[in-house]
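Student: Structure of the sequence below:
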Amino acid sequence: MTRRPVRRSSRRRRKQSAGGPLVLVALLGLGALAALIQWLVLHWWVLIVIGVLGVLVGSAWLHGHRQRLRWARARAAALRYTLEQLDALHYDQFEYAVRDLMIRDGCTAEKRGGRGDNGCDVFGTDPSGRRWVLQCKHRRRGLAGSAVGVPDLQVLNGTARQFHRADVVVLVTNGRVTSTAVPWARSQRIHLVDRELLGQWAAGSRPLWELLRQLPPPRRAVS
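Tutor: Numbering: from 1, shown residues only. As a prediction, the model looks like this:
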């Protein structure tokens, strides 16, 4: 009958002993803060120096950031690929190359290829606001590799507009396309970028939307 009060008392003492250091730390922190404020009031010029240094550092960072963006745009504008270079890529690198070509043309683009991509290897938005879904079929042997056929297009057709809400659906390959796939793609409003057309695009002559026919109207005016 007498053990429970003893336990409660010991617990209370442990809490009090544990709370003591916390209170002391809090008091010391408040004291240090008050001392710092008092020192800054007496040495107000320090705040001005810190502010000036902050402005200078921020301006230097902003200038460097803008310079890096200009360099990135310049590199993107100069991007060129030969078909031999594209053939030598891994399929994953090929998807990055297609993304970079879209960016070169003034699009915002990202690579999405991989497990669960739902048929979209590269997603982009062109300067006119149209949403592009591109599926990439890389063939290491180029024209000698297996041809892209209707089954490949059916996968893309099933997800591009319904899932990704694409305005422009494109299949890009460095290889060839079967003769039956061409009319089937046309009937489903899927644009084919075969080896010949890819060579023109990668060479940097014109943006992709100028090489394709019957694109949907722009979503916004180009400034």
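Student: ranges for the strands of the protein?
Tutor: For the chain, strands defined by DSSP state E occupy the ranges 108-111, 122-125, 131-137, 168-173, 190-193.
Student: okay, those strands in TSV with mean pLDDT next?
Tutor: What follows is the strands of the chain, written out as TSV (pLDDT from 0 to 100):
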stretch	mean pLDDT
strand 108-111	96
strand 122-125	97
strand 131-137	97
strand 168-173	98
strand 190-193	98
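Student: Which one of those strands lies nearest to Gly51?
Tutor: Distance to Gly51, taken as C-beta to C-beta, is lowest for strand 108-111 among the strands of the chain, at 36.3 Å. In this view, the C-beta of every residue, glycine as well, is placed from N, C-alpha and C.
Student: In the sheet, which strands lie alongside that closest one, parallel or antiparallel?
Tutor: Partners of strand 108-111 in the sheet, by DSSP bridges, are strand 122-125 (antiparallel).
Student: For the partner strand, what is the distance to the chain centroid?
Tutor: Centre-to-centre, strand 122-125 and its host chain are 10 Å apart (C-alpha atoms, centre = their mean, to the nearest Å).
Student: Now render the strands of the chain as TSV, adding mean neighbour count and distance to Arg219.
Tutor: Formatted as TSV, those follow (neighbours: other C-beta atoms under 10 Å; distance: least, C-beta to C-beta, whole Å):
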stretch	mean neighbour count	distance to Arg219
strand 108-111	16	13
strand 122-125	22	9
strand 131-137	24	8
strand 168-173	24	11
strand 190-193	21	17
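Student: Present these as TSV; the columns should include distance to Ile37.
Tutor: Listed next are the strands of the chain as TSV, based on distance: least, C-beta to C-beta, whole Å:
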stretch	distance to Ile37
strand 108-111	47
strand 122-125	51
strand 131-137	54
strand 168-173	61
strand 190-193	66
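Student: For the chain, which segments are assigned as helices?
Tutor: Here the chain has its helices, by DSSP state H, at 3-42, 45-77, 83-87, 91-104, 150-159, 181-187, 195-202, 208-211.
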